[in-house]
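Asker: starting from these lines, generate the structure:
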Amino acid sequence: MSRHGLCTVFEDVAIVEMARTPWVDLGGSLAGVSPIDLGIQAGRAVLARAGIAAQAVDSVLAGSMAQASFDAYMLPRHIGLYCGVPQAVSALAVQRICGTGLELLRQAGEQLRSGARQVLCVGAESMSRNPIAAYEHRGGFRLGAPVGFKDFLWEALYDPAVGVDMIGTAENLASEYGLDRDAVDAWALRSHQRALLAQQQGWFDEEIVSVSAQAFEADGCLPRGIALPRGVGEVSQDSHPRPTDAAALARLRAVHAGGLQTAGNSCAVVDGAAAALVTRFSDCARPALARLLMATAVGVPPRTMGIGPAPAIELLLERSGLHLEQIDRFEINEAQAAQVLAVAQALQLDVDKLNVHGGSIALGHPLAATGLRLVHTLARQLRHGNLRYGIAAACIGGGQGMALLIENPHFVT
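Answerer: Here you go, the predicted model:
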């Protein structure tokens, strides 16, 4: 497996604090909320948690995949303005599909080396507001022509370069790595059970900022805000974790005839946002959540795009000089169960270190925000367990993989 790719090494980068909204199922209580407003909520929360005035932020990085509101072009700028960042501070859109949250942190580290001091990173996604779209009707309709509108959320899963959708790429990996339906359902059951237990024990409470109806104001800007459905006062926890069992998962029909992947062993489709504040470790006025040591991004064959985390992690280990057994925890995005199992098999991972509180199969995968959740959960595991090193990674549509190496600054030998 090739280890060529982008590798960025950081010597003085700290993730000061992180926060996220709840992840809420497609069509649920956040379905009517713009990803910009979800991002504002997460951004404001992380600044409050970090004890940093918005006026101290000198760069805003934000990402979102779908055109989920008519002002989507301005998403990074509007998030920054309504978080209270000075108008003179610029904002940049970041996009690496499912790796966007990881890429936000990588680019923040790069900006610190270029002179920035406090970088606000926000990933926000409304899967519910993905449009029903048409791209060929600007010139009008011919007499008798079909309308041709399609579901952007569904069609975006298809890669025309290889004629395979994302589920199909996982099926390809299942064939290549000898995985069967029992194995992928067993992993999905593990994810569901562990996430539900973690939720019941309050593990995610420390990550989540509640969402309620509210107005956001910014100097020189019109008010905007969040409106929730009638009868919903506050959204305070992830909605997808729920009890299930092997029999229930086995009853689900595969997405592709004869395949392994179902709605139960693939990532949940959810809405949500997450944020991080990144600064120089040497400038931290308070204990940082984590040190960012290295980031890698690699390309892999599009037809097996889900294997991407494996070479990205191999490159991290090669360039860092660390060995696999020195990594205390792994958070690898669960796009599909077959995909994460193939990665674990390719790396010969100790799965007891992998996604110990469940993953995106149980919690959901709001594309641009997921990488930030992976890093947040990972950093908290290292701190709570007095562990030193962790790796967060994700596969990326089109055939890429990305991984980040973080260190617990509070580790005591």
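Asker: any chance you could map the helices in this protein?
Answerer: 35-50, 75-82, 100-113, 152-155, 166-176, 181-200, 246-251, 309-320, 337-347, 360-363, 367-385 (DSSP state H).
Asker: for those, which has the smallest mean pLDDT value?
Answerer: Comparing mean pLDDT across the helices of the chain, the weakest is helix 152-155, with a mean of 94.
Asker: starting at the chain centroid, how far to that helix?
Answerer: 18 Å (Cα atoms, centre = their mean, to the nearest Å).
Asker: please apply the same query to stretch 361-375.
Answerer: Here stretch 361-375 is found 3 Å from its chain centre; the criterion is Cα atoms, centre = their mean.
Asker: pull that stretch out as PDB, backbone CA atoms only.
Answerer: In PDB, the C-alpha atoms belonging to stretch 361-375 read as follows (Å, rounded to 0.1, in the frame of the first residue of the first chain):
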ATOM      1  CA  ILE A 361     -23.100   4.000  12.800                       C
ATOM      2  CA  ALA A 362     -24.700   4.800  16.100                       C
ATOM      3  CA  LEU A 363     -24.200   8.500  16.500                       C
ATOM      4  CA  GLY A 364     -24.400   9.700  12.900                       C
ATOM      5  CA  HIS A 365     -22.200  11.500  10.400                       C
ATOM      6  CA  PRO A 366     -22.900  15.200   9.600                       C
ATOM      7  CA  LEU A 367     -20.200  15.300   6.900                       C
ATOM      8  CA  ALA A 368     -18.200  18.500   7.700                       C
ATOM      9  CA  ALA A 369     -18.600  18.200  11.400                       C
ATOM     10  CA  THR A 370     -17.600  14.600  12.000                       C
ATOM     11  CA  GLY A 371     -13.800  15.000  12.000                       C
ATOM     12  CA  LEU A 372     -14.100  17.500  14.900                       C
ATOM     13  CA  ARG A 373     -16.200  15.100  16.900                       C
ATOM     14  CA  LEU A 374     -13.700  12.400  16.400                       C
ATOM     15  CA  VAL A 375     -10.900  14.500  17.700                       C
END
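Asker: what is the end-to-end distance of stretch 151-161?
Answerer: 19 Å (Cα to Cα, to the nearest Å).
Asker: what's the answer for stretch 272-290, then?
Answerer: 23 Å.
Asker: and the strands in the stretch 151-300 of the chain?
Answerer: For the stretch 151-300 of the chain, the strands defined by DSSP state E, counting those that start in this stretch occupy 158-159, 164-165, 211-212, 214-216, 224-226, 234-235, 270-280, 290-299.
Asker: residue contacts, T100?
Answerer: G63, S64, M65, V94, G123, L367, A368, A369, G371 (Cβ atoms under 8 Å, 6 or more residues apart in numbering). Any C-beta I mention is one placed from the backbone N, CA and C, and that applies to glycine too.
Asker: and the last one, what is it in contact with?
Answerer: For G371, the contacting residues are 98-105, 123, 333, 392, 394, 402, 404, by Cβ under 8 Å, 6+ apart.
Asker: at 10 Å what do you get?
Answerer: Contact partners of G371, counting by Cβ atoms under 10 Å, 6 or more residues apart in numbering, are 63, 96, 98-106, 121, 123, 274, 276, 331, 333, 392-394, 396, 402, 404.
Asker: please apply the same query to the first one.
Answerer: Residues in contact with G63 (Cβ under 10 Å, 6+ apart) are 35, 39, 75-76, 92-97, 99-101, 103-104, 107, 121-125, 367-369, 371-372.
Asker: PyMOL command to pick out the buried ones of these?
Answerer: Buried subset of the contacts of G63, written as a PyMOL selection, criterion 16 or more other Cβ atoms under 10 Å:
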select buried, resi 35+39+75+76+93+94+96+97+99+100+101+103+104+107+121+122+123+124+125+367+368+369+371+372
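Asker: could you export stretch 107-117 as CSV, CA atoms only?
Answerer: Only the C-alpha atoms of stretch 107-117 are listed here, as CSV (Å, rounded to 0.1, in the frame of the first residue of the first chain):
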residue,chain,number,x,y,z
GLN,A,107,-5.3,24.3,8.1
ALA,A,108,-5.6,26.0,11.5
GLY,A,109,-2.1,24.7,12.4
GLU,A,110,-0.8,26.0,9.1
GLN,A,111,-2.2,29.4,9.8
LEU,A,112,-0.6,29.6,13.2
ARG,A,113,2.8,29.1,11.5
SER,A,114,1.9,32.0,9.2
GLY,A,115,1.2,34.4,12.0
ALA,A,116,-2.3,33.8,13.3
ARG,A,117,-2.8,33.5,17.0
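Asker: list the buried residues of that stretch.
Answerer: In stretch 107-117, the ones that count as buried by 16+ other Cβ under 10 Å are Q107, A108, G109, E110, Q111, L112, A116.
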